[in-house]
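1. Next come a sequence and a model predicted from it.
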Amino acid sequence: MNYSDYCVEPNLTVRDALKAIDKTNAHIVFIMKEKKVLASLTDGDIRRFLLAGGKIENPAMEAGHKSPLTARSEAEAASLYHQKNYVAIPILNSNDELVDIYVGKCPREEKAVDLEIPVVINAGGKGARLEPYTKILPKPLIPVGELPIIEHIMQRFMEYGCERFSVIVNYKKELIKAYFADSERKYDITWYNEELPLGTGGGLCYLKGRIETTFFFTNCDNLLLSNYESMLRFHRENQNIITMICAYKNIKIPYGVIDMGANGSIESMREKPELSFLTNTGIYIVEPEVLDDIEDNISVGFPDIIEKERGKGKKVAIYPVSENDWLDMGQLSELEKMRKRLYEE
């Protein structure tokens, strides 16, 4: 194995380390200096660092685990690897220098924990970003490979034992219902018909008194490859009323950026800077009491509902995920990328 892919420099930023993690099969990197392992770093380490107030521009070393498990031989590494849920183990020589990284003989399949909580899908929008396809088909039925968007979303939740779906429909709703009526695989779906467009949050008014437990709420163009059990645990441990799942987006500006001061003076210059920011994926974990605060048949965006809860002093928090774990299936330019990612082509 070429273990260099798993090695990063200590001066790397958290942003760049996250990109490096996304490229490895084991989803881990080791911070190195002169063949010495200084720390290990996973996306979980980065998430905890950011939640504790760290910044994505900070050195990756600040987020790393400073005492990573190591071995002196492949046999010892293999023994340690199979004893516990380790994903990669550095092998060191007598001078504590890295000579290899043991990642197992084959990718380890993680068994998802059964969460068994309801899922609400807002599938009522017109899908303007996917025109002209949505002039013919509703967005939930736009195919990505062998399955339509909505079925990819549902099957991902079902991997975690979430099999009860409430689907809010409006635009071309009869086509959506007909698809599932004819499907060979039967799903547990309760349909809620919007009479008027109610935005990304207003349709939840139909679920008052019908959901009495924590639930996932998602728009119908987003898919997460992150660990849903970890998200739900974070939500419950922090006693949030709403948890927003947000992804870091990195955009490189293809120009030199100038900050101007008084009288046209130059305060700073940055050549083709890379900007990072958190963006709302449109996927949330929600407590049922939020439903009671939603007015009946009034169009409202779910971010406005969040602001209302925050204004009441309720606890809303962010669960950050990697940009690579968020598939935005609502853009034409992204659909082919999503298909290749989902079918591992």
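-> Structure's in. What do you need?
2. what about R270, how many neighbours?
-> 13 (other Cβ atoms under 10 Å). (C-beta placed from N, C-alpha, C; glycine too.)
3. For it, give its distance to K252.
-> When Cβ to Cβ, to the nearest Å is applied, the distance between R270 and K252 equals 11 Å.
4. Mind listing what's buried along stretch 193-205?
-> Neighbour-count burial for stretch 193-205, with 16 or more other Cβ atoms under 10 Å as criterion, is recorded at 194, 198-205.
5. So of those residues, which two are at opposite extremes in space?
-> Between any two of the buried residues of stretch 193-205, the greatest separation by Cβ to Cβ is 12.8 Å, found for T200 and C205.
6. Any stretches of the chain with poor pLDDT?
-> Applying pLDDT under 70 to the chain flags residues 1-2, 105-111, 344-345.
7. domains for it, by residue range?
-> 3-102, 119-342 (automatic domain parsing).
8. In CSV, list the ones you listed along with distance to A112.
-> Output for the domains of the chain, formatted as CSV (distance: least, Cβ to Cβ, whole Å):
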stretch, distance to A112
domain 3-102, 14
domain 119-342, 5
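9. Just the closest of the buried residues of stretch 193-205 to A17, please.
-> Checking the buried residues of stretch 193-205 against A17 with Cβ to Cβ, the nearest one is T200 at 33.0 Å.
10. That closest one touches I294, doesn't it?
-> No. Counting by Cβ atoms under 8 Å, T200 stays clear of I294, with 11.8 Å between them.
11. So which residues of the stretch 1-150 of the chain form strands?
-> Assigned strands in the stretch 1-150 of the chain, in chain order: 7-8, 28-33, 36-42, 89-92, 98-102, 119-123, 143-144, 147-148 (criterion: DSSP state E, counting those that start in this stretch).
12. And the ones you listed: which comes nearest F157?
-> Here strand 119-123 is closest among those (Cβ to Cβ), at 4.9 Å.
13. That closest one: how far from the chain's middle?
-> Centre-to-centre, strand 119-123 and its host chain are 17 Å apart (Cα atoms, centre = their mean, to the nearest Å).
14. name the helices or strands packed onto that strand?
-> If contacts are counted by 3 or more Cβ pairs under 8 Å, 6 or more residues apart in numbering; DSSP states H and E, strand 119-123 sits against helix 149-158, strand 164-169, strand 215-219.
15. if I look at the residue lying farthest from the centre of the chain, how far off is G256?
-> The outermost residue of the chain relative to its centre, with distances by Cα atoms, centre = their mean, is N263 at 44.4 Å. Going from N263 to G256 by Cβ to Cβ gives 21 Å.
16. How about L335?
-> Applying Cβ to Cβ, the value for L335 to G256 is 33 Å.
17. quick one, which of these two is more surrounded?
-> L335 (20 against 10).
18. about what we covered before: okay if I get the buried residues of stretch 193-205 as TSV plus distance to T134 and secondary structure?
-> As requested, these are arranged in TSV below (distance: Cβ to Cβ, whole Å; DSSP: H, G, I helix; E, B strand; the rest coil):
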residue	distance to T134	secondary structure
E194	16	coil
L198	18	coil
G199	17	coil
T200	16	coil
G201	21	coil
G202	20	helix
G203	18	helix
L204	23	helix
C205	25	helix
